[in-house]
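Chemist: Just a sequence and a predicted model for now, questions to come.
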Amino acid sequence: MDFLFSKLFWGMIVILIGLSIIVNDVFKIDFPLFQVIFALIIIYFGVRLLFGSFGLNFSNKTEDSVVFSEASASPASIDLRKEYNVVFGSQDIDLRNLNLEADTELECNVVFGKQVIILPKSLNVRAKANAVFGNARFPDVHQVALGEMSYNEKSSPSGLTLYIEGNVVFGQLSFIRSN
């Protein structure tokens, strides 16, 4: 994105305008300069997307939102975010170190990306996943690609429960139980 505001970009634009004027006056060739510049900008964004160096990453130190990149998070009870988002990226959320002090709600959203949530076996979990042309896979091997599905596993006598709502659009959300 910095390229569009750089001296190199604007220098090339001025040179192209000059060349367009010369080609039009000397050779009488009508050159659609602004259409070419617009096409070059779109091609630039496409190449940057394909090779993974687009430069957009709206994530912060806690990695709760990931855009065009990869991230992992391993929150404890204090720094657990209420919402984790992935857009055109990948994220692993490891909740094995999570210590709940009360029932907690968590929302996970995936759009054109992949998110893996690792759940400890010692935690009561109630998960609901909504999928639209995506894939939400639960630890009990059930999965949903279009619609809504729920998962409920009570494994801790403490009674504290982690409620997870997952939303997937053209992506993948996986819940994994681990020690």
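Modeler: Perfect, I can see it now.

Chemist: Helix, strand or coil: sort out Ile42 for me.
Modeler: Following DSSP: H, G, I helix; E, B strand; the rest coil, we place Ile42 in the helix state.

Chemist: And it, how far from Gln35?
Modeler: In this structure, Ile42 and Gln35 are 11 Å apart, going by CB to CB, to the nearest Å. All C-beta atoms are positioned from the backbone trio N, CA, C, and that covers glycine.

Chemist: just Phe68 next, same as before
Modeler: With CB to CB as the criterion, Phe68 and Gln35 are 27 Å apart.

Chemist: Same question for Ala129.
Modeler: From Ala129 over to Gln35 the distance is 44 Å, taken as CB to CB.

Chemist: These two: who's more crowded?
Modeler: The residue with more neighbours, out of Ala129 and Gln35, is Ala129; 26 against 9, by other CB atoms under 10 Å.

Chemist: That one belongs to a strand?
Modeler: Yes. Read with three-state DSSP, Ala129 is one of the residues of a strand.

Chemist: Now it. Nearest residue, chain neighbours left out?
Modeler: Ala136 (3.4 Å; CB to CB, 6 or more residues apart in numbering).

Chemist: does that neighbour sit in a helix or strand, and which one?
Modeler: strand 124-137 (DSSP states H and E).

Chemist: Which pLDDT value goes with Ser158?
Modeler: Taken from the predicted model, the pLDDT recorded for Ser158 is 74.

Chemist: Pro32 too?
Modeler: The predicted local confidence for Pro32 comes out at a pLDDT of 81.

Chemist: Quick check on it: phi, psi?
Modeler: Backbone dihedrals for Pro32, given as degrees, to the nearest 10, come out at phi -80, psi 80.

Chemist: Any idea which helix or strand in the protein has the lowest mean pLDDT?
Modeler: Comparing helices and strands within the chain by mean pLDDT, DSSP states H and E singles out helix 33-50 as the least confident, with a mean of 73.

Chemist: Would you mind writing the CA trace of the strand or helix carrying Val23 as PDB?
Modeler: When secondary structure is defined using DSSP H and E, the element that contains Val23 is helix 7-26. C-alpha atoms of helix 7-26 as PDB (Å, rounded to 0.1, in the frame of the first residue of the first chain):
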ATOM      1  CA  LYS A   7       8.000   8.800  -5.100                       C
ATOM      2  CA  LEU A   8       8.600   5.900  -7.500                       C
ATOM      3  CA  PHE A   9       4.900   5.400  -8.200                       C
ATOM      4  CA  TRP A  10       4.200   9.100  -8.800                       C
ATOM      5  CA  GLY A  11       7.400   9.400 -10.800                       C
ATOM      6  CA  MET A  12       6.300   6.600 -13.100                       C
ATOM      7  CA  ILE A  13       2.800   8.200 -13.500                       C
ATOM      8  CA  VAL A  14       4.400  11.500 -14.600                       C
ATOM      9  CA  ILE A  15       6.700   9.700 -17.100                       C
ATOM     10  CA  LEU A  16       3.700   7.800 -18.500                       C
ATOM     11  CA  ILE A  17       1.700  11.000 -19.000                       C
ATOM     12  CA  GLY A  18       4.700  12.600 -20.800                       C
ATOM     13  CA  LEU A  19       5.200   9.500 -23.000                       C
ATOM     14  CA  SER A  20       1.400   9.500 -23.800                       C
ATOM     15  CA  ILE A  21       1.600  13.100 -24.900                       C
ATOM     16  CA  ILE A  22       4.600  12.400 -27.100                       C
ATOM     17  CA  VAL A  23       3.100   9.200 -28.700                       C
ATOM     18  CA  ASN A  24      -0.200  11.100 -29.300                       C
ATOM     19  CA  ASP A  25       1.500  14.200 -30.900                       C
ATOM     20  CA  VAL A  26       4.300  12.600 -32.900                       C
END
